[in-house]
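# Dropping a prediction and its sequence here:
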Amino acid sequence: MLKLGWDLVFTIINLIVLYLLLKKFLIGPVTGIMEKRKALIASSLEDAAAQKNQAQEMKQQYEQSLAASRLESDEIVARARIDARAEYEQILKDAGVQAGQIIENARKSVEAEREQALREMKAQIASLAMDAAEKVTAGKAGAELDQALFDQFITETGDGK
């Protein structure tokens with residue numbers, strides 16, 4: 001059987017003292033270190049979650065900025081097209097005006113040349129009429145009659161215009 005002696009009592013006391021010493025110097029500090037480690041890990045996880053949220057917000061801001069940039073570039077392109085169309089139409093209008101001016105100038109030039117040709121033809125006809133009248137009168141009337149016939153011819157041909 002079991003003997004209860006002083007050896008057993010000392011062994012139990014030694015075990016209790018050993019347990020208290022281990023609890024004081026080993027288990028307590030290890031538990032404290034583990035708690036600190038647990039708190040550090042929890043803090044790191046919170047920081048990681050905060051950084052993830054911040055990254056999501058930055059991504060949303062980037063996407064919004066990108067969408068705004070696309071809209072702005074579309075507006076710039078649309079304005080450029082409108083400006084180009086207006087300039088194109090203005091160039092066409094100016095070209096039409098210039099063409100009209102050229103045509104009008106050509107008409108005026110043709111009309112002036114026509115008037116000049118008519119005057120020259122009248123002068124030639126008057127000269128021919130004078131020559132014919134001189135031959136008909138055979139030099140009887142003189143310079144005054146010639147001038148009167150010429151004036152009469154000019155007024156008649158001028159009115160017939």
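Cool, got the structure.
# per-residue pLDDT, Glu134?
Per-residue pLDDT puts Glu134 at 69.
# and what of the one 5 residues further on?
According to the model's per-residue confidence, Gly139 sits at a pLDDT of 54.
# same question, Asp83
For Asp83, pLDDT reads 94.
# got the contact list for it?
If a contact means CB atoms under 8 Å, 6 or more residues apart in numbering, then Asp83 has no contacts. Heads up, the C-betas are built off the backbone N, CA and C, glycines and all.
# Can you give me the separation between it and Glu89?
According to CB to CB, to the nearest Å, Asp83 stands 11 Å off from Glu89.
# what's the answer for Gly100, then?
Computed with CB to CB, the distance linking Gly100 and Glu89 is 16 Å.
# Equivalent analysis for Asn53, please.
Taking CB to CB, one finds Asn53 at 54 Å from Glu89.
# Leu18 too?
For Leu18 relative to Glu89 (CB to CB), the value is 103 Å.
# Check which helix or strand Asp151 maps to.
helix 143-159 (DSSP states H and E).
# burial measure for Leu92, as a count.
Leu92 has 10 neighbouring residues, counting by other CB atoms under 10 Å.
# Run through the helices of the chain in chain order.
Ranges of helices in the chain, per DSSP state H, are 6-22, 28-137, 143-159.
# Quick check: which of those is buried the most?
The highest average neighbour count among the helices of the chain, using mean count of other CB atoms under 10 Å, belongs to helix 143-159 at a mean of 12.
# Tell me the helices and strands packed up against that helix.
Judged by 3 or more CB pairs under 8 Å, 6 or more residues apart in numbering; DSSP states H and E, the packing partners of helix 143-159 are helix 28-137.
# how far is the helix it packs on from where the chain is centred?
Relative to its chain's centre, helix 28-137 lies at 6 Å (CA atoms, centre = their mean, to the nearest Å).
# Could you report the distance from Phe10 to Leu22?
For Phe10 relative to Leu22 (CB to CB), the value is 18 Å.
# What of Gln147?
For Gln147, the distance to Leu22 - CB to CB - is 157 Å.
# Check Gln54 too.
Distance, Gln54 to Leu22, by CB to CB: 46 Å.
# do the same with Arg81
85 Å.
# try Leu45
With the distance defined as CB to CB, Leu45 ends up 32 Å from Leu22.
# Then Ala117?
137 Å.
# I am finished for the moment; much appreciated.
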